[in-house]
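K.L.:
sequence-free structure coming up:
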């Protein structure tokens with residue numbers, strides 16, 4: 001996809017109202033769940049729209065980092081339960097239209113800007129992000145057990161791997177809120193900031209990512225995420241395999257450029273001492 005700078009992406013009629021996608025000239029895309037009147041609860045069409053937005057942005061070479069947020073008082077309050085049967089029985093089994101599946105397939109770093117509530121499906125979408133920035137009033141709530149909904153976007157497996165099984169059991173089996181401050185202490189949230197600072201902080205983190213070698217950013221995200229699916233021994237072997245593949249594919253000119261870049265950075269650091 002070309003010519004993405006300073007423009008909104010072309011979206012379906014429903015997406016224009018409920019899912020907003022904006023790309024800036026620096027390579028940062030912002031996806032906003034825009035249904036504040038219902039705390040950004042998701043209909044099936046909204047789920048598909050978000051999935052397709054991630055797929056398109058992943059294929060857009062001008063986009064390097066994606067920020068996902070919600071408008072109003074919530075990040076996402078989960079599935080719109082007035083259409084529960086349509087969502088759960090129909091389910092989105094097609095991976096091309098599955099929100100979390102497309103987020104997990106996305107090569108670009110995803111920063112979740114969490115203001116307010118991230119509830120159930122919203123919690124699962126937050127867990128599909130690579131980095132989380134939360135407002136001081138943000139809360140993560142898993143209501144699957146409360147409402148008799150079976151998790152299908154990874155919450156039952158991911159949360160315990162991040163915050164530990166005992167705390168995950170408490171969060172999911174009691175359906176009690178996990179505050180942003182506690183989530184930060186447990187390693188789920190990267191930064192907790194004032195409510196009006198969430199997007200600014202997310203953009204700040206995106207800017208730091210943009211300063212790095214973008215090819216390596218993509219490779220690094222991939223090896224981290226793929227390694228998390230394996231035991232440590234196999235994950236270490238995976239890292240070694242991909243490192244050898246990467247270096248074997250480099251030309252003498254690329255090695256020379258790498259050395260010159262590192263030497264240039266080192267000389268700049270020395271001049272500041």
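P.N.:
Arrived safely, thanks for sending. Because the structure is predicted, anything quoted here is derived from the model rather than measured.
K.L.:
Which residues are in contact with the residue nearest the centre of the chain?
P.N.:
The structure's the chain has its C-alpha centroid closest to residue 129; by Cα atoms, centre = their mean the separation is 2.1 Å. Each residue near residue 129 by Cβ atoms under 8 Å, 6 or more residues apart in numbering is listed here: 68, 103, 110, 111, 112. No exception for glycine: its C-beta is placed from N, CA and C like everyone else's.
K.L.:
between the residues you listed, which has the most around it?
P.N.:
Neighbour tally across the contacts of residue 129 (other Cβ atoms under 10 Å): the maximum, 28 neighbours, falls on residue 112.
K.L.:
Hmm, residue 133 and that one touching each other?
P.N.:
Yes: counting by Cβ atoms under 8 Å, residue 112 touches residue 133, with 7.0 Å between them.
K.L.:
Which residues are in contact with each of the two?
P.N.:
Common contacts of residue 112 and residue 133 (Cβ under 8 Å, 6+ apart): residue 202.
K.L.:
Among the contacts of residue 129, which lie within helices?
P.N.:
Among the contacts of residue 129, the members falling in helices (DSSP state H) are residue 103.
K.L.:
so residue 221 is in which element?
P.N.:
According to DSSP states H and E, residue 221 maps onto helix 214-227.
K.L.:
how many other residues sit next to residue 79?
P.N.:
23.
K.L.:
isn't residue 168 right next to residue 157, touching?
P.N.:
No: counting by Cβ under 8 Å, residue 168 sits too far from residue 157 to count as a contact (9.5 Å).
K.L.:
Which two among the contacts of residue 129 are spaced furthest apart?
P.N.:
Greatest spacing in the contacts of residue 129, by Cβ to Cβ: 103 and 111 (11.8 Å).
K.L.:
Okay, helices next: where are they in the stretch 101-250 of the chain?
P.N.:
In the stretch 101-250 of the chain, the helices defined using DSSP state H, counting those that start in this stretch lie at 121-127, 144-147, 155-163, 165-174, 180-185, 198-210, 214-227, 232-248.
K.L.:
Report the buried residues of the longest one.
P.N.:
In this case it means helix 232-248. Residues of helix 232-248 classed as buried: 235, 238, 242 (neighbour count, 16 or more other Cβ atoms under 10 Å).
K.L.:
if I pick the last one, what's in contact with it?
P.N.:
Taking Cβ under 8 Å, 6+ apart as the definition of contact, the neighbours of residue 242 are 219, 223.
K.L.:
pLDDT below threshold where in the protein?
P.N.:
Residues of the chain meeting the criterion pLDDT under 70: 1-16, 83-96, 264-273.
K.L.:
Apply 80 and report the result again.
P.N.:
1-16, 81-97, 260-273 (pLDDT under 80).
K.L.:
Which segments of it make up each domain?
P.N.:
7-210, 230-272 (automatic domain parsing).
K.L.:
And these: which comes nearest residue 219?
P.N.:
Across the domains of the chain, closest to residue 219 is domain 230-272 (Cβ to Cβ), at 6.7 Å.
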